[in-house]
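Participant: How does the following fold in three dimensions:
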Amino acid sequence: MKMDWLSQRCQVPAVQSCSRPGCFTLLLAMSLSLLMYPVLKSLALQVHSAVTGSYISGAHSIAFINCPNEQIAKDIARAIMDKKLAACVNILPRSSSMYFWKGEIEEATEVLLLVKTRTSKIPELSDYVRSMHPFEIPEFISLPIDQGNPLYLKWIEEGVPDK
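Facilitator: Next up, the predicted model:
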C-alpha cells in the first residue's frame, strides 16, 4: 500500500533494465566472438594473403626424419614423393647420432631426411612414415616455416596438393 502511494507521489521515469533474453543473447554473442577469434583471424590472414600475395607464416613446414642407412632413406623419400606428401626431400648422408635407448647410450650413423611440405600434411606424413619406417620409434619432428623465399614457398604449395 505504501509503495503504491510512493510511486504515485514520486513519478520517476522507469529505468530500463536488461531483459534476461537480451542479456543472454549479448553474453552468447560475446562468448562466441571470443571462441571464434582464432578461426576468424586465420580466415582474415588467408584472405589477406590471397589478395596481396603475401606469405602466411607457418603454412609450410619442414620435417626431420632419421633413417638407419642411405637405401632406406631413399626408399622413404621416394615413397613420400610418390604420394605427393612433399615438394622436396633432401637426403643428408652420414650424420652421427648419440641417444638413449632402453636405458643405454647408443651411437649410430644415420641418414637425415629434410622434408618440405604443407603444414596441413604433417599428420598424414607422420602416419605414413611411421607405417613404413624400420625403427620401432622413428624420429619425426616438424617445424613450421616462418619466412622464406616467396617463390620457393609458392613452389612448395604448388607441388603438394591441399587435398
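Participant: Val129 touches Ala73, doesn't it?
Facilitator: No - the pair Val129 / Ala73 is not scored as a contact, 11.3 Å apart, by C-beta atoms under 8 Å. Any C-beta I mention is one placed from the backbone N, CA and C, and that applies to glycine too.
Participant: what element comes up after whichever helix or strand Asp75 is part of heading to the C-terminus?
Facilitator: Asp75 is part of helix 70-82 when elements are defined by DSSP states H and E. Next helix or strand after helix 70-82 toward the C-terminus (DSSP H and E): strand 88-101.
Participant: in its sheet, what does that next one sit against?
Facilitator: strand 104-118 (antiparallel) (DSSP bridges).
Participant: which residues sit against the strand it pairs with?
Facilitator: By C-beta atoms under 8 Å, 6 or more residues apart in numbering, the residues outside strand 104-118 that reach it are 59-70, 72-73, 76-77, 80, 85-100, 125, 145, 156-157, 160, 162.
Participant: Report pLDDT for the residue sitting nearest the centre point of the chain.
Facilitator: In the chain, the residue lying closest to the centroid (C-alpha atoms, centre = their mean) is Thr119, at 5.8 Å. Thr119 is assigned 95 on the pLDDT scale.
Participant: what's the answer for Ser19, then?
Facilitator: pLDDT at Ser19 comes out at 58.
Participant: go on, Val15?
Facilitator: Model confidence at Val15 (pLDDT) stands at 50.
Participant: Which residue ranges make up the domains of this structure?
Facilitator: 21-54, 60-159 (the TED database).
Participant: Pick the most buried one from those domains.
Facilitator: domain 60-159 (a mean of 15; mean count of other C-beta atoms under 10 Å).
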